[in-house]
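Asks: Just a sequence and a predicted model for now, questions to come.
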Amino acid sequence: GFASTYDRVQMDVDSNVRHLVSQLLSPHQREPDAATSALMTGLEMLLKGKAVTEGERFYIVGPGRRTPIQLEADGIKVLATLERLISVGVLVPGTCLYWDEPEAHLNPSLMDEMIKAILMLSRAGIQVFLATHSYIILKELEVQAQAGDHLKFFALEKTEDGTKVHEASRYLDIAPNLIEAQYGSLLDRAFAKDFGDREG
């Protein structure tokens, strides 16, 4: 009921949310092209179902399953949103997806599935821009990438002369790499604690 409520009353909600809901409530494309159909099929396999609407309510429907979207994990909600945007013709080859912190509220066990979805979009001709602070997301991208995938990593460095942009084709080639430095520091401290205590 968000859309009808938003249209009737004053709500302290960004208008972009209303715009997204409008797109999600749009009807399916009548005859999606082969690339779009393949993309929808891939996402439905990850979801083990598909996102459907009834009025202004969303459900994940699959074999023996019809779950209200609000009862699903956040990672499943995101995958369902992507599948829905593709099925209604908003997210199609030639478009761009800007995604800020895909790891936010995401169960770590779903991170590999999320990267599968992101690479699926990219291989279908959708340009994906990710902003992330997650070591796991970055490494999953590199691990799952195949020959022909076009990955670029960018790091922003704050300097006295302004912000500098560093570009690399591999995660480990990014320099400076604050994420790698922090994880390396954590590993060193954990190692020192575990083995230091045994030596003591």
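Replies: Arrived safely.
Asks: hey, let's count contacts and neighbours off CA atoms from now on
Replies: Noted.
Asks: Give me the distance from the host helix or strand of residue 84 to the chain's centre.
Replies: Taking DSSP states H and E as the criterion, residue 84 maps to helix 74-87. Distance of helix 74-87 from its chain centroid, counting by Cα atoms, centre = their mean, to the nearest Å, is 9 Å.
Asks: out of all of them, which helix in this structure is the longest?
Replies: With DSSP state H setting the assignment, residue counts place helix 178-199 as the longest helix in the chain.
Asks: average pLDDT for it?
Replies: Averaging pLDDT along helix 178-199 gives 82.
Asks: again, but for stretch 127-143
Replies: 91.
Asks: Tell me the buried residues in it?
Replies: For stretch 127-143, a neighbour-count test (16 or more other Cα atoms under 10 Å) marks 127, 130, 132, 137, 138, 139, 140, 141, 142 as buried.
Asks: what do you get for stretch 183-200?
Replies: Buried residues in stretch 183-200, counted by 16+ other Cα under 10 Å: none are found.
Asks: hmm, who's touching the helix or strand bottoming out on mean pLDDT in the chain?
Replies: In the chain, the helix or strand scored least confidently by mean pLDDT, DSSP states H and E is helix 178-199, which has a mean of 82. The contact list for helix 178-199 (Cα atoms under 8 Å, 6 or more residues apart in numbering) reads 133, 134, 135.
Asks: which residue packs closest to residue 124, ignoring adjacent ones?
Replies: Excluding the flanking residues, the one nearest residue 124 by Cα to Cα, 6 or more residues apart in numbering is residue 93, at 6.0 Å.
Asks: Just the pLDDT for residue 161.
Replies: pLDDT, residue 161: 92.
Asks: Look at it and say how many residues are nearby.
Replies: 6 (other Cα atoms under 10 Å).
Asks: Let me see the contact set for it.
Replies: For residue 161, no residue meets the contact criterion (Cα under 8 Å, 6+ apart).
Asks: can you tell me which helix or strand the spatially most central residue of the chain belongs to?
Replies: Geometric centre of the chain, nearest residue: residue 102, 4.1 Å, by Cα atoms, centre = their mean. Assigned by DSSP H and E, residue 102 falls within no helix or strand.
Asks: How about it, nearest residue that isn't a chain neighbour?
Replies: Spatially, and ignoring its direct neighbours in sequence, residue 102 is nearest to residue 132 (7.0 Å; Cα to Cα, 6+ apart).
Asks: wouldn't that neighbour be in contact with residue 139 here?
Replies: No - applying Cα atoms under 8 Å as the test, residue 132 and residue 139 come out as separate, 11.5 Å apart.
Asks: circling back: quick check: the farthest pair among the buried residues of stretch 127-143?
Replies: Spanning the widest gap among those are 127 and 139, at 19.1 Å by Cα to Cα.
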